[in-house]
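K.L.:
Quick one, fold the following:
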Amino acid sequence: MFTRHYPHWPPGQPKTLALPETTVYANLAAIAARDPERAAIDYYGRRLSYRELQRQADALAGFLQQRCGVKKGDRVLLYVQNSPQFVIAFYAIVRADAVVVPVNPMNRTEELRHYVSDSDARVAVAGQDVVRYLRPVAGLEHLLVAAYSDYIDPGTDLPLPEFVRAPAHDRSWRQALDAGLAPGPQTAGPEDLAVMPYTSGTTGKPKGCMHTHSSLQATTVPYLHWRGAQERSVVLSALPMFHVTGMQAGMNAPIHAGATLVVLSRWDRDCAGQQIARARVTNWSAITTMLVDFLSNPRLKEYDLSSLQVLGGGGAAMPEAMARQLEEVIGLPYVEGYGLSETMAPTHINPPHRPKRQCGGIPFYNTDSRIIDVETRQELAVNEIGEIIVHGPQVFRGYWKQPEATAEAFIEHDGKRFFRTGDLGYFDEEGYFFITDRLKRMINCSGFKVWPAEVEAMLYAHPSIQEACVVGARDVYRGETVKAFVILKKDLKEKISPQDIVDWAREKMAAFKVPRIVEFVDALPKTATGKILWRELQEKENRA
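P.N.:
Sure thing, here's the model as predicted:
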């Protein structure tokens with residue numbers, strides 16, 4: 001067991017936490033019974049109590065079971081922006097003993113086809129703003145459509161996204177709740193699947209990460225304890241809930257703690273400032289680009305930020321200068337963490353009382369982590385760079401229908417089964433882990449992971465593209481952005497521009513995956529067997 005970090009453990013906190021052997025739905029049921037009138041959600045000023053949150057989740061669960069035929073273990077697609085409907089649907093799906101398949105609302109029809117077919121989902125809940133992309137997808141038998149305006153106060157003076165204000169054009173969500181159907185007894189247990197976020201990799205096709213109720217609880221229960229949650233915390237939920245960090249830090253952990261979720265469907269720095277002041281937000285998990293935007297707001301001094309007690313996040317390292325500015329303006333250190341979809345958010349977090357900058361932190365509750373040599377797989381010592389491996393209850397059970405990929409993702413070490421993160425790093429003399437590079441081919445755009453092989457596979461559908469190679473390019477605001485080197489088919493070279501490729505990609509893939517830079521080339525470097533030498537292009541781009 002790695003214990004070098006123990007002297008710097010948060011004061012008063014145990015080294016391990018006992019986790020409840022219950023479903024994640026039981027967290028909601030417990031707080032609804034204990035404090036039913038407590039505000040569970042503040043959605044642009046309109047509040048939903050824990051009693052009402054549970055009532056609506058139960059009603060939707062009953063509808064899924066009785067009208068949609070959802071059975072234990074069925075996968076249900078959740079394609080919704082941050083909203084009360086996301087929270088209600090998430091808890092309804094797990095209450096119905098089914099498995100949540102959270103999907104980025106930025107994904108488009110071609111991407112959605114894979115999620116539906118691979119997960120074998122027959123039922124989906126979609127936001128009114130994005131349902132048009134899902135309707136053409138074959139295989140779905142039932143589709144519930146959520147209109148965000150159902151849960152807002154029309155008279156609010158907060159700046160709302162237009163899609164939130166839009167009146168309901170489809171009443172299927174409301175009809176499902178109004179049916180008032182009670183769910184059957186919950187039969188799912190801790191080791192049954194609860195949620196299956198998708199992640200990509202070198203193959204180009206996203207893979208479902210199988211998380212049980214117990215692996216979900218492994219970061220749900222301890223999250224706010226570590227962050228320093230106080231009684232009746234108020235959490236700004238602005239990170240996307242479809243992603244494991246937003247799902248845990250902005251939804252499941254606060255619900256377990258009986259906190260109030262101040263939900264934003266779309267990031268807006270003015271709305272965030274107003275809501276921090278009005279709702280007296282105490283806890284905020286954010287990514288670097290969000291905070292850069294927040295601090296650059298000329299109106300920032302108008303907002304009372306004094307209620308904030310905990311500020312943290314992950315996804316990309318916080319620049320030193322930005323961390324200093326945050327402490328000057330907000331008066332709080334930015335506590336960074338590290339985790340993956342496969343680990344349901346954190347495996348490492350900085351101690352709140354003693355954080356280090358641009359650092360992943362120390363191994364979380366119940367978590368063992370080591371550094372191994374990539375070639376020999378021997379364990380490495382202080383300040384030696386190798387692959388980060390982790391063992392803990394939050395580690396996923398494997399990739400859905402991908403036994404070979406699952407086998408490759410794990411290693412037996414020191415008598416335990418460790419997950420190979422694919423990230424390179426080291427630990428210092430005090431046991432703090434630092435991430436230096438990645439083994440996996442991946443681009444980090446504002447905290448969103450972009451897998452070049454997936455983008456390449458989609459680019460090959462363009463009728464003018466003969467070959468393509470995708471790399472990461474430096475971007476002042478996003479950290480990295482997507483760049484595509486493209487060989488055009490010979491007879492089309494004079495008829496298409498790089499911008500045409502960009503515009504086409506915007507229609508076919510999520511915005512964060514779209515190549516912002518397209519460079520036409522006559523040839524791509526290749527091995528003797530014809531494989532494209534992407535790393536050579538990446539290194540060239542890094543030197544540019």
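
K.L.:
CA only for contacts and neighbour counts going forward, please
P.N.:
OK.

K.L.:
nearest residue to M322 other than its sequence neighbours?
P.N.:
Excluding the flanking residues, the one nearest M322 by C-alpha to C-alpha, 6 or more residues apart in numbering is V292, at 7.3 Å.

K.L.:
And the pLDDT at R227?
P.N.:
Looking at R227, its pLDDT reads 70.

K.L.:
one step back: so the residue nearest to M322, which state does it fall into?
P.N.:
Put simply, V292 is helix when judged by DSSP: H, G, I helix; E, B strand; the rest coil.

K.L.:
Tell me how many other residues crowd it.
P.N.:
When neighbours are defined as other C-alpha atoms under 10 Å, V292 has 17 of them.

K.L.:
Now do the end-to-end distance for stretch 485-499.
P.N.:
Length of stretch 485-499, first residue to last, C-alpha to C-alpha, to the nearest Å: 13 Å.

K.L.:
which residues touch it?
P.N.:
If you take C-alpha atoms under 8 Å, 6 or more residues apart in numbering as the criterion, stretch 485-499 is touched by 464-470, 517-524.

K.L.:
Could you pull out the buried residues of it?
P.N.:
In terms of neighbour count (16 or more other C-alpha atoms under 10 Å), stretch 485-499 has its buried residues at F485, V486, I487, L488.

K.L.:
now do stretch 44-62
P.N.:
For stretch 44-62, by 16+ other C-alpha under 10 Å, it's 44-45, 47-62.

K.L.:
same thing with stretch 375-389?
P.N.:
Per 16+ other C-alpha under 10 Å, stretch 375-389 contains these buried residues: L380, I385, G386, E387, I388, I389.

K.L.:
so T220 is in which element?
P.N.:
Using DSSP states H and E, T220 falls within helix 213-227.

K.L.:
ok, the closest residue to E37 other than its chain neighbours - contacts?
P.N.:
Distances taken as C-alpha to C-alpha, 6+ apart put S49 closest to E37, at 5.3 Å, once the chain neighbours are dropped. The contact partners of S49, by C-alpha under 8 Å, 6+ apart, come to P36, E37, R38, A39, A40, I41.

K.L.:
Which parts of stretch 115-123 count as buried, going by neighbours?
P.N.:
Y115, V116, S119, A121, R122, V123.

K.L.:
Roughly how far does the first one sit from V101?
P.N.:
With distances defined as C-alpha to C-alpha, the gap from Y115 to V101 amounts to 8 Å.

K.L.:
pLDDT at the most centrally placed residue in the chain, what is it?
P.N.:
Against the mean C-alpha coordinate of the chain, by C-alpha atoms, centre = their mean, the closest residue is H243 at 1.7 Å. On pLDDT, H243 comes in at 93.

K.L.:
Quick check, it in contact with Y198.
P.N.:
No. Assessed by C-alpha atoms under 8 Å, H243 is found out of contact with Y198, at 9.2 Å.

K.L.:
what residues do the two have in common as contacts?
P.N.:
In terms of C-alpha under 8 Å, 6+ apart, H243 and Y198 are both contacted by the residues P102, S341.

K.L.:
where's stretch 417-424 relative to the chain centroid, distance-wise?
P.N.:
19 Å (C-alpha atoms, centre = their mean, to the nearest Å).

K.L.:
Report the buried residues of it.
P.N.:
For stretch 417-424, by 16+ other C-alpha under 10 Å, it's F418, F419, R420, T421, G422, D423, L424.

K.L.:
Quick one: the helices in the stretch 401-544 of the chain, in order.
P.N.:
Ranges of helices in the stretch 401-544 of the chain, per DSSP state H, counting those that start in this stretch, are 403-409, 452-459, 498-508, 534-543.

K.L.:
same check, this time on the stretch 101-250 of the chain
P.N.:
109-119, 131-134, 162-165, 172-178, 213-227, 244-247.

K.L.:
so what does the third one touch, helix or strand wise?
P.N.:
The contact analysis (3 or more C-alpha pairs under 8 Å, 6 or more residues apart in numbering; DSSP states H and E) places helix 162-165 against no helix or strand.

K.L.:
Show me how this structure divides into domains.
P.N.:
For the chain, automatic domain parsing gives the domain ranges 6-369, 443-543.

K.L.:
quick one: average confidence on the last one?
P.N.:
When you say that, I think you mean domain 443-543. Per-residue scores along domain 443-543 average to 86.

K.L.:
How about stretch 351-358?
P.N.:
91.

K.L.:
Show me the contact partners of it.
P.N.:
8-10, 226-228, 317-320, 323, 333-336, 350, 361-362, 434.

K.L.:
what's the answer for stretch 1-14, then?
P.N.:
Everything outside stretch 1-14 that qualifies as a contact, by C-alpha under 8 Å, 6+ apart, is 15, 226, 351-354, 362-363, 368-370, 429-432.

K.L.:
which residue ranges form the strands in the stretch 401-544 of the chain?
P.N.:
410-413, 416-427, 433-438, 443-445, 448-450, 465-475, 479-488, 517-520 (DSSP state E, counting those that start in this stretch).

K.L.:
Can you say which of those strands is nearest to A277?
P.N.:
Proximity to A277, assessed across the strands of the stretch 401-544 of the chain by C-alpha to C-alpha, is greatest for strand 448-450 (28.1 Å).

K.L.:
That closest one: partners in the sheet, and parallel or antiparallel?
P.N.:
Using DSSP bridges, the strands paired with strand 448-450 in its sheet are strand 443-445 (antiparallel).

K.L.:
which residues are contacting the strand it pairs with?
P.N.:
With C-alpha under 8 Å, 6+ apart as the test, strand 443-445 has contacts from 315-316, 449-452, 471-472, 478-482, 512.

K.L.:
Restricted to strands, list the buried residues of stretch 44-62.
P.N.:
Within those, residues falling in strands by DSSP state E are R47, L48, S49.

K.L.:
how near is the residue nearest to the centre of the chain to V450?
P.N.:
Taken as C-alpha to C-alpha, the span from H243 to V450 is 13 Å.

K.L.:
picking that back up, let's have the contacts of strand 443-445 in TSV, adding distance to H413.
P.N.:
Formatted as TSV, these follow (distance: C-alpha to C-alpha, whole Å):
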residue	distance to H413
G315	27
A316	28
K449	28
V450	30
W451	28
P452	30
V471	33
G472	33
R478	36
G479	34
E480	34
T481	36
V482	36
F512	36
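
K.L.:
List buried members of the residues you listed by neighbour count.
P.N.:
By 16+ other C-alpha under 10 Å, the contacts of strand 443-445 give 315-316, 449-452, 471-472, 478-482, 512 as buried.

K.L.:
Which one of those is nearest to A146?
P.N.:
F512 (23.8 Å).

K.L.:
Might you list the low-confidence residue ranges for the stretch 201-350 of the chain?
P.N.:
For the stretch 201-350 of the chain, the stretches flagged by pLDDT under 70 are 201-204, 228-230, 315-317.

K.L.:
so where do the strands sit in it?
P.N.:
Going by DSSP E, counting those that start in this stretch, the stretch 201-350 of the chain shows strands at 207-208, 211-212, 234-237, 260-263, 283-285, 310-313, 335-340, 345-349.

K.L.:
and the third one, what does it pack onto?
P.N.:
Spelled out, that is strand 234-237. Judged by 3+ C-alpha pairs under 8 Å, 6+ apart, the packing partners of strand 234-237 are strand 260-263, helix 269-279, strand 283-285.

K.L.:
Recalculate using a threshold of 10 Å.
P.N.:
Packing partners of strand 234-237 (3 or more C-alpha pairs under 10 Å, 6 or more residues apart in numbering; DSSP states H and E): strand 39-43, helix 253-256, strand 260-263, helix 269-279, strand 283-285.

K.L.:
which one of these lies closest to Q217?
P.N.:
So among those, helix 253-256 is nearest, using C-alpha to C-alpha, at 8.7 Å.

K.L.:
what's the spacing between that closest one and its chain's center?
P.N.:
The answer for helix 253-256 is 16 Å, by C-alpha atoms, centre = their mean.

K.L.:
Check stretch 43-51 too.
P.N.:
23 Å.

K.L.:
For it, the averaged confidence score.
P.N.:
Averaging pLDDT along stretch 43-51 yields 98.

K.L.:
Number of residues surrounding L160?
P.N.:
By the criterion of other C-alpha under 10 Å, L160 has 16 neighbours.
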